[in-house]
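Asker: Below: sequence and its predicted model.
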Amino acid sequence: MSRNSEQWTQKPNLPTTHYSDPIIYSDPVIFEEEKEKIFKNTWLLASHESELPNPHDFRTYDHPGGTKLVIVRGDDMKIRTFINMCPHRGNLLVYEPSGNSKNLVCIFHQWAFNAKGDCVDIPREKEGYQDRVGKSDVALREVRTETAFGGFVWVNLDDNCVPLKEYIAGALDYMLPELETEPLETMWYYQGTINTNWKLIHDTNSEFYHDYLHYHNRITGMTDPKTGYWTRKMKAFPNGHAQVGTMEASYEQYQGGGHSKLGWPNLPAGWKLVDLYPCITFNLRNSVLRIDTYIPLSANKMYFEFRAMGLKSDTPEIRRQRQKDGAVIWSPWGRNLHEDLIASEGQTIAMAKDSEKMYFIAAREEGAGCQDEIALRHYFTEWDKRMGRSHNDPMAKSNDPMAKSVARTVAA
Amino acid sequence: MSTKLNGNRVGVEELIYESCMLMDERNWNGFLGLCDDGFEYMLTAYSPEIKKDMTFLDHDRKELKDLFDLLPKHNTDRSPFTRNATVYKVDYDDAKKQANVVSAFQIFKTTLDGGRTGLFAVGKYYDTVSLGGAKPTLVKRHVKLDTRDLAVGTHYPF
Ligand code: FES
Ligand SMILES: [Fe+2]
């Protein structure tokens, strides 16, 4: 029987960990608070070392906290990150997404900076500033950077953050043999702007119950007992991270090519997946490592960054095959990717801020199997901790003074 | 380059435009009917971020047919696409009885719910057309996309 309004808006008869108030996916005030409390002090994956292989190569990164960054490789081959802003009158230092330049020279008044962030030239310095402002006063702002876990470049805006390894807390350990077997190379980087909340796609990546959405995954995994699909286990790690155990997909069940026997060193036919808080996924299956990172633009708009990684040692023939393997499921034409994204947009349309309230259910318990929603619940426990709010009642039950004032503003 | 086969320019243009019309109609068998048995289809985009060409579709005729046949099994945004192509250049290779054709295209998406039309992507078709038979046929199509942000993406080849 259908439900009336009162029944529909009743809290589910479940532990509070097992459902959310969808306002967390649409409220602009919550989104602003997430920038402060989540993005500005977590480690985020900004690039890969292969995207800036030579001294003086640079690569930009649009930090979700709202700050533009530029990643630069120095003469010493070290990768450093700076705020992509000229300390003179605030112009963008670097306009292009990648390039090579001995110094980063601001186009506006030609202040120049080296790859260590030192200011090395100010035109007519003495004439204008005498001794009041000098090069040593105006170096770039460096951002905590580490290159690790397969050569990825990680950044953290918080100077006092814990080291990356401590933050990852072992969540990537089971993928290390594949990540560190030999140098990786970014073979695809592309973005897609979509109308959804940044957490919704990460939610999708955190459970395999949605294989019902994917014809490809159903026939190459869920419905084929020999794949080991039902024995895959979800495992939670500190700081909101989670991983999914491997399986051996039956790719031959899906017609149309693109699933070669190429595989990946140490993982010839498996599938490993790690979700890192707040919005990074390492997804290694068949012959491709896919990395998702999300750049939120507002509560209901974001763009994703997709990287498909191959091996640096790939011959042109192998690289072609690797791209073909990845393309079937994950390119902009990928069968799975499009399905995931239309679902996330659909959630955002239906759960819009002014829509009839409902409760978002994450209550599957299946012995931590891959269709258990344990990783979603784990993710929201971390969200609560960082936000000082409760995901199931985010506007009311906070002890955090900022959250309370936010709740009042929203209610008003 | 020769101009001997220039009389076929109209036939070549009609082939390109018909390929767009059939794809707009999602008449995939019709589209394959314009293609040679050894047809090869490739779709790439150049990424200035990583300075590489990225290959998003790379299929022979059989694989392309499999892709078309599986479309109904998938969850897909079924909003129609409209292709608007202009043939820019036709180069003839008399020895091979082929033409190499460059066409610019824009592809628009019209939403099913409401009918709003927006530009989805722009790019160029680099086609190899066989002129040896009764009518021109597509031997190879290389779609080079300028647009890389394709939002939710699509399952339908361009
Ligand atoms: S703003 Fe950069 S030199 Fe003036
Ligand atoms: Fe998915």
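Answerer: Perfect, thanks for sending it. Ligands and ions are numbered 1, 2, ... in the order given.
Asker: neighbours of residue 60, just the number please.
Answerer: Unless you meant another one, I'm taking chain A. 21 (other CB atoms under 10 Å in any protein chain shown). (Glycine included, C-beta is placed from N, CA and C.)
Asker: look at chain B instead
Answerer: 14.
Asker: you'd agree residue B:20 is up against residue B:83?
Answerer: Yes. Taking contacts as CB atoms under 8 Å, residue B:20 lies within contact range of residue B:83: 4.0 Å.
Asker: and the next element down the chain from the lengthiest helix in chain B?
Answerer: The longest helix of chain B (DSSP state H) is helix B:9-24. Counting by DSSP states H and E, the element after helix B:9-24 in chain order, helix or strand, is helix B:28-33.
Asker: quick one: contacts for residue A:253?
Answerer: A:219, A:220, A:224 (CB atoms under 8 Å, 6 or more residues apart in numbering or on different chains).
Asker: Pull up the residues of chain A that are close to chain B.
Answerer: Contacts of chain A with chain B, taken as CB under 8 Å from any CB of the partner chain, map to A:50-51, A:59, A:96-98, A:186-194, A:213, A:215-216, A:254-258, A:303, A:320, A:323-324, A:327, A:331-335, A:337-339, A:341-343, A:345.
Asker: Which PyMOL command selects the buried ones in these?
Answerer: Buried members of the residues of chain A next to chain B, defined by 16 or more other CB atoms under 10 Å in any protein chain shown, are picked up in PyMOL with:
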select buried, chain A and resi 50+51+59+97+98+186+187+188+189+190+191+192+194+213+215+216+254+255+256+257+258+303+323+324+327+331+332+333+334+335+337+338+339+341+342+343+345
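Asker: ok, how many other residues are close to residue A:270?
Answerer: By the criterion of other CB under 10 Å, residue A:270 has 18 neighbours.
Asker: ok so, going back, list residues touching both of residue B:20 and residue B:83?
Answerer: By CB under 8 Å, 6+ apart, the residues touching both residue B:20 and residue B:83 are residue B:105.
Asker: Format the contacts of residue A:253 as TSV; extra columns: pLDDT, secondary structure and distance to residue A:123.
Answerer: Formatted as TSV, those follow (pLDDT from 0 to 100; DSSP: H, G, I helix; E, B strand; the rest coil; distance: CB to CB, whole Å):
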residue	pLDDT	secondary structure	distance to residue A:123
A:219	89	helix	65
A:220	88	helix	61
A:224	86	coil	67
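Asker: quick one: which of those is nearest to chain B?
Answerer: Closest to chain B out of the contacts of residue A:253 is residue A:219 (8.7 Å), distances taken as CB to the nearest CB.
Asker: With adjacent residues omitted, what lies nearest to that closest one?
Answerer: residue A:253 (4.6 Å; CB to CB, 6 or more residues apart in numbering or on different chains).
Asker: now residue B:131
Answerer: residue B:97 (4.9 Å).
Asker: same question, residue A:153
Answerer: Closest residue to residue A:153 in three dimensions, ignoring its sequence neighbours and counting by CB to CB, 6+ apart: residue A:47, at 4.1 Å.
Asker: Helix or strand: which one has the closest residue to ligand 1 within the stretch 251-400 of chain A?
Answerer: For the stretch 251-400 of chain A and ligand 1, the shortest gap (CB to the nearest ligand atom) falls at residue A:295, measuring 24.9 Å. Assigned by DSSP H and E, residue A:295 belongs to strand A:288-298.
Asker: Okay, now the sheet partners of that strand, with direction.
Answerer: Strand pairing for strand A:288-298, determined by DSSP bridges: strand A:280-285 (antiparallel), strand A:301-311 (antiparallel).
Asker: Pick the most deeply packed of these.
Answerer: With neighbours defined as mean count of other CB atoms under 10 Å in any protein chain shown, the strands paired with strand A:288-298 peak in mean count at strand A:280-285, which reaches a mean of 23.
Asker: from the chain's centre, how far out does that strand sit?
Answerer: Centre-to-centre, strand A:280-285 and its host chain are 10 Å apart (CA atoms, centre = their mean, to the nearest Å).
Asker: Pull that strand out as PDB, backbone CA atoms only.
Answerer: Only the C-alpha atoms of strand A:280-285 are listed here, as PDB (Å, rounded to 0.1, in the frame of the first residue of the first chain):
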ATOM      1  CA  ILE A 280      38.900   9.600  -4.400                       C
ATOM      2  CA  THR A 281      38.500   6.100  -5.900                       C
ATOM      3  CA  PHE A 282      41.200   3.700  -7.000                       C
ATOM      4  CA  ASN A 283      39.600   1.100  -9.300                       C
ATOM      5  CA  LEU A 284      41.800  -1.500 -10.900                       C
ATOM      6  CA  ARG A 285      40.200  -4.000 -13.200                       C
END
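Asker: Need the contact partners of it.
Answerer: By CB under 8 Å, 6+ apart, strand A:280-285 touches A:44-45, A:172, A:175, A:178-179, A:202, A:205, A:249, A:264, A:267, A:270-276, A:289-293.
Asker: How is the residue located most distally from the centre of chain A assigned, secondary-structure-wise?
Answerer: Of all residues in chain A, residue A:127 has its C-alpha farthest from the mean position, at 47.1 Å, by CA atoms, centre = their mean. Secondary structure, DSSP: H, G, I helix; E, B strand; the rest coil: residue A:127 is helix.
Asker: re earlier: for the helix or strand the residue nearest to residue A:153 falls within, packing partners?
Answerer: Assigned by DSSP H and E, residue A:47 belongs to strand A:44-48. Packing partners of strand A:44-48 (3 or more CB pairs under 8 Å, 6 or more residues apart in numbering or on different chains; DSSP states H and E): strand A:57-62, strand A:68-73, strand A:152-156, strand A:184-194, strand A:288-298.
Asker: Give the pairing partners of that strand; include direction for each.
Answerer: strand A:152-156 (antiparallel).
Asker: Could you point out the helix or strand that follows the strand it pairs with?
Answerer: Per DSSP H and E, the first helix or strand lying C-terminal to strand A:152-156 is helix A:164-168.
Asker: Give me the mean pLDDT for the next helix or strand after that following helix.
Answerer: Downstream of helix A:164-168, the next assigned helix or strand under DSSP H and E is helix A:176-179. Helix A:176-179 shows a mean pLDDT of 96.
Asker: Surely residue B:53 and residue B:142 touch.
Answerer: No. Between residue B:53 and residue B:142 there is no contact under CB under 8 Å: 10.6 Å.
Asker: between the two, what contacts are shared?
Answerer: Between them, residue B:53 and residue B:142 share the contacting residues residue B:44, judged by CB under 8 Å, 6+ apart.
Asker: that older thread, and the residue of the stretch 251-400 of chain A closest to ligand 1, how many neighbours does it have?
Answerer: Residue A:295 is flanked by 18 other residues according to other CB under 10 Å.
Asker: so the nearest residue to residue A:23 once chain neighbours are set aside, which of the three states?
Answerer: Leaving aside its sequence neighbours, residue A:23 sits nearest to residue A:394 (CB to CB, 6+ apart; 6.0 Å). Three-state call for residue A:394 (three-state DSSP): coil.
Asker: Distance check, residue A:394 against chain B.
Answerer: Going from residue A:394 to chain B by CB to the nearest CB, to the nearest Å gives 27 Å.
Asker: residue contacts, the closest residue to ligand 1 within chain B?
Answerer: In chain B, the residue that lies nearest ligand 1 is residue B:48 (23.2 Å; CB to the nearest ligand atom). Residue B:48 makes contacts with A:96, A:97, A:98, as judged by CB under 8 Å, 6+ apart.
Asker: Low-confidence ranges, the chain, go.
Answerer: As the question left the chain open, I've gone with chain A. In the predicted model of chain A, residues A:256-258, A:397-412 satisfy pLDDT under 70.
Asker: hmm, I had chain B in mind actually
Answerer: B:1-7.
Asker: what does it have sitting close to ligand 1?
Answerer: Chain B comes close to ligand 1 at no residue, as judged by CB under 6 Å from any ligand atom.
Asker: Pull up the residues of chain B that are close to chain A.
Answerer: Contacts of chain B with chain A, taken as CB under 8 Å from any CB, map to B:43, B:45, B:47-52, B:54-60, B:62-63, B:66-67, B:69-70, B:73-77, B:148-155, B:157.
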